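**Student:** I'll drop the sequence and a predicted model, then ask my questions.
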Amino acid sequence: MLSRSLSILLLGLIALISLATPASAGPDFWAMWNNRNRCVQKDIRVVAAINQFCSVNFYTGTGYAAQGVSIDGVRVGVGASCAYGTFVPQVWCESQMLEVCSMGGAKGRGNRAYDNGCQHFWITNG
């Protein structure tokens, strides 16, 4: 009887952990490292702008996100088209901006859509 109760308890804990794991999952830090290296090779100023912009948590649709940050001729920001007020934590901002730079042009400029096309991360001259 006791072993059956412990087995049920163990199965319940496993189920609970499996539900919590995706919610706590973060970005792929190996991919971030690779993207940062590619971005540094393209234009180190882009990395500086990303670091400055992504140093705070923000929400899409705010002035901070839409205006972005400009450093040394590089401007980065996030536009929103259908999901205003979506929370963007620092680590996700950095991960997605580094991906934009890595996949962008020769100098790391470009844009990519996230969150089913509702968030638009961009890097331009500015």
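**Tutor:** Yes, it's here.

**Student:** helices and strands of this protein: which one has the lowest mean pLDDT?
**Tutor:** Ranked by mean pLDDT, DSSP states H and E, the weakest helix or strand in the chain is helix 2-24, scoring a mean of 56.

**Student:** tell me the mean pLDDT over the very next helix or strand once past it?
**Tutor:** Toward the C-terminus, helix 2-24 is succeeded by helix 29-42 as the next helix or strand (DSSP states H and E). For helix 29-42, mean pLDDT is 96.

**Student:** apart from its neighbours in sequence, what residue is nearest Ala48?
**Tutor:** Of all residues not flanking Ala48 in the chain, Ile71 sits nearest, at 5.4 Å (CB to CB, 6 or more residues apart in numbering). (Glycine included, C-beta is placed from N, CA and C.)

**Student:** surely the one you found touches Ala49?
**Tutor:** Yes - counting by CB atoms under 8 Å, Ile71 does reach Ala49; the two are 4.4 Å apart.

**Student:** settle it for me: which of these two has more neighbours?
**Tutor:** The neighbour count for Ile71 versus Ala49, taken as other CB atoms under 10 Å, is higher for Ala49 (26 against 17).

**Student:** doesn't that one belong to a helix?
**Tutor:** Yes - assigned with DSSP: H, G, I helix; E, B strand; the rest coil, Ala49 falls within a helix.

**Student:** my guess is it contacts Ser70. True?
**Tutor:** Yes - if you go by CB under 8 Å, Ala49 and Ser70 touch, sitting 7.2 Å apart.

**Student:** quick check: neighbours shared by the two?
**Tutor:** By CB atoms under 8 Å, 6 or more residues apart in numbering, Ala49 and Ser70 have no common neighbours.

**Student:** what helix or strand is the residue sitting nearest the centre point of the chain located in?
**Tutor:** Centroid-nearest residue in the chain, with CA atoms, centre = their mean: Trp92, separated by 2.2 Å. Take DSSP H and E as the rule and Trp92 turns out to sit in helix 90-103.
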